[in-house]
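> I need the structure of the sequence given here:
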Amino acid sequence: MFQQLVKNKYMLAVASPNDATITFANKARRVAEIHHYGQADKQRGHNKEIQYPERQLLGITRSDKERVSDSVIQHLSK
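Residues are numbered from 1 along each chain as shown. Next up, the predicted model:
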């Protein structure tokens, strides 16, 4: 359903000296947030508000976090 969101035109990269962030840009961010968190939105062309179910678009599992943490610790200990 959300296969188009991975295209570069829908992504926004922001960097500072201390961190880097990749997020959805503009309208894509709004659509992604509504579906990810299960929020309400008005239907296009109508005044009717629709409650969308929560559909996690992005997620990091506990296993993913542990793998990343282990990799960072291993890299920093070199």
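
> When you work out contacts or count neighbours from here on, use the C-alpha atoms and nothing else.
Fine.

> Contact partners for the closest residue to Tyr52 other than its chain neighbours?
For Tyr52, ignoring the flanking residues on the chain, the nearest one in space by C-alpha to C-alpha, 6 or more residues apart in numbering is Gly38 at 5.1 Å. Counting by C-alpha atoms under 8 Å, 6 or more residues apart in numbering, Gly38 touches 51-55.

> Arg29 now?
Here Arg29 is in contact with Thr23 (C-alpha under 8 Å, 6+ apart).

> that's a helix at it, yeah?
Yes. Counting by DSSP: H, G, I helix; E, B strand; the rest coil, Arg29 is part of a helix.

> Distance check, it against Pro17.
Here Arg29 is placed at a distance of 24 Å from Pro17 (C-alpha to C-alpha, to the nearest Å).

> Could you do Gln4 as well?
30 Å.

> So which of the two has more stuff around it?
Using other C-alpha atoms under 10 Å as the criterion, Gln4 and Pro17 rank with Gln4 on top: 10 against 5.

> Am I right that that one falls within a strand?
No. Looking at Gln4 with three-state DSSP, it is helix, so not inside a strand.

> Retrieve the pLDDT associated with it.
Looking at Gln4, its pLDDT stands at 81.

> Then Met1?
With respect to pLDDT, Met1 scores 63.

> mind listing the strands in the chain by residue range?
According to DSSP state E, the chain carries its strands in the segments 11-15, 20-24, 40-42, 49-51.

> Pick out the residue closest to the middle of this protein.
Leu58 (5.2 Å; C-alpha atoms, centre = their mean).
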